[in-house]
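Chemist: following is a predicted model, sequence given first.
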Amino acid sequence: MIEHDEVSKYINGYGEDIRNILLTLRTLLKENFPHAKEKISWQMPTFYIDKRVFHFAGFKHHLGIYPGPDAILFFKDKLVSYETSKGAIRFSYHEPIPYPLIIDIAHWCLEKPDK
């Protein structure tokens with residue numbers, strides 16, 4: 001069954017290989033955050049609980065997640081093998097996607113106390 005919500009439409013817009021990666025991540029996020037809500041924000045799938053958010057997006061050559069600069073700093077030792085910028089992490093499709101690490105980062109983003 002194909003869902004017809006915004007996030008499903010976003011994911012279904014990709015070819016099979018990328019779509020499967022995005023669906024796997026979405027499923028893991030739903031399993032780990034059953035009370036989180038989903039929406040499209042900044043033109044990408046977003047899970048959120050109150051004001052805490054976790055964004056992800058598919059691109060031609062990589063999966064991007066957007067946990068913000070604090071998460072990048074917090075996880076810097078685990079991210080040395082990946083391309084990062086101020087608030088983004090890129091996971092190449094040419095390497096296995098580190099889903100456990102991504103879920104750890106999502107937990108940090110969605111469960112950290114507000115500043």
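Modeler: Thanks, I have the structure now.

Chemist: any chance you could map the helices in the protein?
Modeler: If you assign secondary structure with DSSP state H, the helices in the chain sit at 6-12, 16-32, 69-74, 99-111.

Chemist: other SSEs contacting the shortest one?
Modeler: In this case it means helix 69-74. Packed against helix 69-74 by the contact rule (3 or more C-beta pairs under 8 Å, 6 or more residues apart in numbering; DSSP states H and E) you find helix 99-111. For the C-beta atoms, the positions are set from N, CA and C on the backbone; glycine is no exception.

Chemist: okay but Arg12 is in contact with Leu22, surely?
Modeler: I think there's a mix-up here, since residue 12 is Asn and not Arg. No. Under the contact definition of C-beta atoms under 8 Å, Asn12 does not touch Leu22, with a separation of 9.3 Å.

Chemist: more neighbours: which of the two?
Modeler: Set side by side, Asn12 and Leu22 give different neighbour counts by other C-beta atoms under 10 Å, the larger being at Leu22 (21 against 13).

Chemist: check contacts around the closest residue to that one other than its chain neighbours.
Modeler: If you skip the residues right next to it in sequence, Leu22 has Ile11 as its closest partner in space, 4.6 Å away by C-beta to C-beta, 6 or more residues apart in numbering. For Ile11, the set of contacting residues under the criterion of C-beta atoms under 8 Å, 6 or more residues apart in numbering consists of 19, 22-23, 26, 45, 58.

Chemist: relative to Glu111, how far out is Ile11?
Modeler: For Ile11, the distance to Glu111 under the criterion C-beta to C-beta, to the nearest Å works out to 24 Å.

Chemist: also Gly68?
Modeler: Distance from Gly68 to Glu111, counting by C-beta to C-beta: 14 Å.

Chemist: next one: Ile65
Modeler: From Ile65 to Glu111 the distance is 16 Å (C-beta to C-beta).
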